[in-house]
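Trainee: structure, please.
(one chain, ligands or ions: 1)
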Amino acid sequence: MTAKLIDHFGRRIEYVRLSVTDRCNLRCFYCLPKGYKTFEEPGNWLTFDEIERVIRAFAELGVNRVRLTGGEPLLRKGLPRLAGTLSALPGIEDLSLSTNATLLERHAADLRRAGISRINVSLDSLKPERFARITGGRLEPVLAGLMAAKDAGLAPIKINMLALKGVNDDEFEAMVRFCLEHGFTLRLIETMPMGNTGRGASRRYLNLQEVKRKLAKTFELIPGVMPGGGPARYVQVKGTDLRIGFIAPISQHFCETCNRVRLTVDGTLYLCLGQEHSVPLRPRLREGISDAGLKAALTEALALKPERHEFREKPYQVIRLMSMTGG
Ligand code: SAM
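Mentor: Numbering: from 1, shown residues only. Take a look at the predicted model:
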């Protein structure tokens with residue numbers, strides 16, 4: 001492998017977030033509008049063969065990490081089969097999954113066997129009624145999914161919790177204790193103005209620097225590190241293995257270290273979560289582009305990667321929902 005994907009700002013791209021569906025079985029109020037049904041037509045979904053081609057091309061250009069996401073990726077039929085194919089591709093060293101865990105109990109062992117090394121699970125509340133208010137779904141299958149993942153040996157398991165003022169800001173300590181009890185890693189996340197739902201949730205925005213100060217009153221926090229190459233800044237609870245990551249795209253944007261691009265289920269390559277720069281790959285794939293042509297298209301697309309998101313300066317800019325791009 002010689003070619004490398006390096007953008008105009010000197011950032012090397014080695015990570016692809018791959019959305020395998022834009023559908024979701026939850027309706028988190030900050031993400032998908034209630035009653036939303038305008039999903040991508042199945043005929044426009046990249047097939048597993050098309051996905052494999054694109055990821056193989058990326059791997060030949062130096063990408064070594066892929067995360068399966070969505071929508072809810074476990075809604076895509078045959079996901080463990082796709083995971084098995086992708087994890088076997090030369091150059092792919094790390095295949096991970098972001099899930100709401102509602103369907104994880106039944107799939108955890110298969111996913112592990114297919115080469116998924118680690119998972120991130122969204123969990124904003126441990127209170128069943130509150131969970132239902134936030135997501136429109138039930139907490140119980142999520143907890144069962146988490147325990148199945150633990151039993152299947154998926155590790156690390158990271159809990160992604162959106163910090164929402166007046167919604168779950170009395171639960172950070174409880175979530176820290178839950179993660180301590182089960183050996184999970186906790187990541188707290190600031191809400192982003194993605195689509196109308198995300199913008200609506202901005203009035204629930206909480207600056208994570210404040211949350212960290214609050215947690216430090218209860219737990220002794222020391223600097224921590226966590227392998228994984230993501231944007232979270234970690235602390236560790238002293239005397240334990242528990243790490244807490246803070247993902248603060250708004251209060252501390254981390255675009256200068258961005259190492260990723262995103263591929264949606266319809267084969268659109270997005271160069272930035274917070275901007276609209278994109279390249280449609282599906283037509284090229286279906287017109288019969290050669291492998292060399294595909295790699296050239298990916299390399300050319302990188303020229304569009306913007307320097308940074310502008311969630312603060314232009315909160316009305318991103319009209320697509322998080323579930324479309326793949327969170
Ligand atoms: N269904 C999978 C899951 O639950 O992890 C993957 C997709 S979901 C869109 C990925 C992540 O995006 C979730 O952790 C969710 O909390 C986050 N998310 C959705 N809308 C968001 C927003 N407006 N701001 C910040 N995070 C958001």
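Trainee: shaky segments in the protein?
Mentor: Within the chain, the stretches with pLDDT under 70 are 1-3, 228-229, 316, 327.
Trainee: which positions in this structure make contact with the ligand?
Mentor: Residues of the chain lying close to the ligand by Cβ under 6 Å from any ligand atom are 24, 30-31, 69-70, 72, 98-100, 122, 160, 162, 189, 191-192, 194, 198, 201, 322-323, 327. Yep, even glycine has a C-beta here, placed from its N, CA and C like the rest.
Trainee: mind checking which of those residues are in helices?
Mentor: Among the residues of the chain next to the ligand, the members falling in helices (DSSP state H) are G198, M322, S323.
Trainee: any idea how far Y30 is from the second one?
Mentor: By that I understand M322. Noted for M322: a distance of 8 Å to Y30, by Cβ to Cβ, to the nearest Å.
Trainee: identify the contacts common to those two.
Mentor: Residues touching both M322 and Y30 (Cβ atoms under 8 Å, 6 or more residues apart in numbering): G198.
Trainee: so what does the helix or strand hosting R187 touch, helix or strand wise?
Mentor: R187 is part of strand 185-189, with elements assigned from DSSP states H and E. Secondary-structure packing of strand 185-189 (3 or more Cβ pairs under 8 Å, 6 or more residues apart in numbering; DSSP states H and E): strand 157-162, helix 172-182, helix 208-218, strand 243-247.
Trainee: may I see these arranged in JSON lines, with mean neighbour count and distance to L269 as well?
Mentor: Formatted as JSON lines, the entries for the helices and strands packed on strand 185-189 read as follows, by neighbours: other Cβ atoms under 10 Å; distance: least, Cβ to Cβ, whole Å:
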{"stretch": "strand 157-162", "mean neighbour count": "22", "distance to L269": "24"}
{"stretch": "helix 172-182", "mean neighbour count": "16", "distance to L269": "34"}
{"stretch": "helix 208-218", "mean neighbour count": "14", "distance to L269": "29"}
{"stretch": "strand 243-247", "mean neighbour count": "22", "distance to L269": "23"}
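Trainee: hang on, G198 packs against L32?
Mentor: No. G198 is not in contact with L32 according to Cβ atoms under 8 Å; the separation is 10.2 Å.
Trainee: looking at those two, which one has more neighbours?
Mentor: More neighbours surround L32 than the other of G198 and L32, with 23 against 20 (other Cβ atoms under 10 Å).
Trainee: show me where this protein has helices.
Mentor: Using DSSP H, the helices found in the chain span residues 48-60, 79-87, 104-113, 128-135, 140-151, 172-182, 195-200, 208-218, 282-286, 291-301, 322-325.
Trainee: which of the ones you listed is buried the deepest?
Mentor: Taking mean count of other Cβ atoms under 10 Å as the contact definition, the stretch among the helices of the chain with the greatest mean neighbour count is helix 322-325, which reaches a mean of 25.
Trainee: CA atoms of that helix as PDB?
Mentor: The C-alpha trace of helix 322-325 is given here as PDB (Å, rounded to 0.1, in the frame of the first residue of the first chain):
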ATOM      1  CA  MET A 322     -27.900  12.700  12.200                       C
ATOM      2  CA  SER A 323     -29.500   9.300  11.300                       C
ATOM      3  CA  MET A 324     -29.100  10.100   7.600                       C
ATOM      4  CA  THR A 325     -25.400  10.700   7.800                       C
END
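Trainee: and the closest residue to the ligand within the stretch 151-300 of the chain, how far from E40?
Mentor: Residue of the stretch 151-300 of the chain nearest the ligand, by Cβ to the nearest ligand atom: G198 (3.1 Å). G198 sits at a distance of 19 Å from E40 (criterion: Cβ to Cβ).
Trainee: do S125 as well
Mentor: The span separating S125 from E40 equals 29 Å under the rule Cβ to Cβ.
Trainee: more neighbours, the two?
Mentor: Set side by side, S125 and E40 show unequal neighbour counts under other Cβ under 10 Å, the larger going to S125 at 22 against 18.
Trainee: who's in contact with that one?
Mentor: F131, I134, L139, V167, N168, E171.
Trainee: reformat those as TSV; add distance to V261.
Mentor: Output for the contacts of S125, formatted as TSV (distance: Cβ to Cβ, whole Å):
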residue	distance to V261
F131	32
I134	29
L139	33
V167	31
N168	31
E171	33
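Trainee: in these, find the pair that's most separated.
Mentor: In those, two members sit farther apart than any others by Cβ to Cβ. They are L139 and V167, at 14.8 Å.
Trainee: quick one: neighbours of the residue nearest to G71 when sequence neighbours are not counted, just the number.
Mentor: Using Cβ to Cβ, 6 or more residues apart in numbering and skipping the chain neighbours, the partner closest in space to G71 is T21 (4.1 Å). Residues within reach of T21, counting by other Cβ under 10 Å, total 24.
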